[in-house]
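**Q** Predicted model and sequence follow; I will ask about them next.
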Amino acid sequence: MNAAELRKLCLSLPAASETIQWGDNRVFKVGGKMFAISGYDADSLYSFKVDDERFLELSDLPGFRPAPYLARAKWVQVDVGECPLPSEHLEDLVRDAYEIVFSKLTKKLQRQIRPSD
């Protein structure tokens, strides 16, 4: 999954937004909270939030490492060129990142984003 595919996936999620921060990084948020980050390049690195339990497991896989500056918050960084996981699995991990962050929003904000839940 390249940066363009990541962007398309992130923006397809309910109430997800994109901002440019820290120079040239695309930051994807829900409810004002980050769940994924990428650069502009098609073959760039990108990072996303993971469950505490998956952090060490994913950090040990080829192509993954603890995300700089965000590892203490259980974020991983993926090098697309070195990652052996299929795109579908990476997409699931990004969707999980969205859900992790969404679940930490206030109940009021959650209802505004997804009123049927």
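**A** It's in.

**Q** so where is this structure shaky, pLDDT-wise?
**A** Applying pLDDT under 70 to the chain flags the ranges 41-43, 117.

**Q** Which stretches in it count as helices?
**A** 3-12, 52-59, 87-103, 107-113 (DSSP state H).

**Q** Columns mean neighbour count on top of the ones you listed, output as CSV?
**A** Quick note: C-beta positions are derived from backbone N, CA and C, even for glycine. Listed next are these as CSV, based on neighbours: other Cβ atoms under 10 Å:
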stretch, mean neighbour count
helix 3-12, 16
helix 52-59, 14
helix 87-103, 17
helix 107-113, 13
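
**Q** Tabulate those (CSV), appending distance to Glu18.
**A** Formatted as CSV, these follow (distance: least, Cβ to Cβ, whole Å):
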stretch, distance to Glu18
helix 3-12, 6
helix 52-59, 24
helix 87-103, 13
helix 107-113, 16
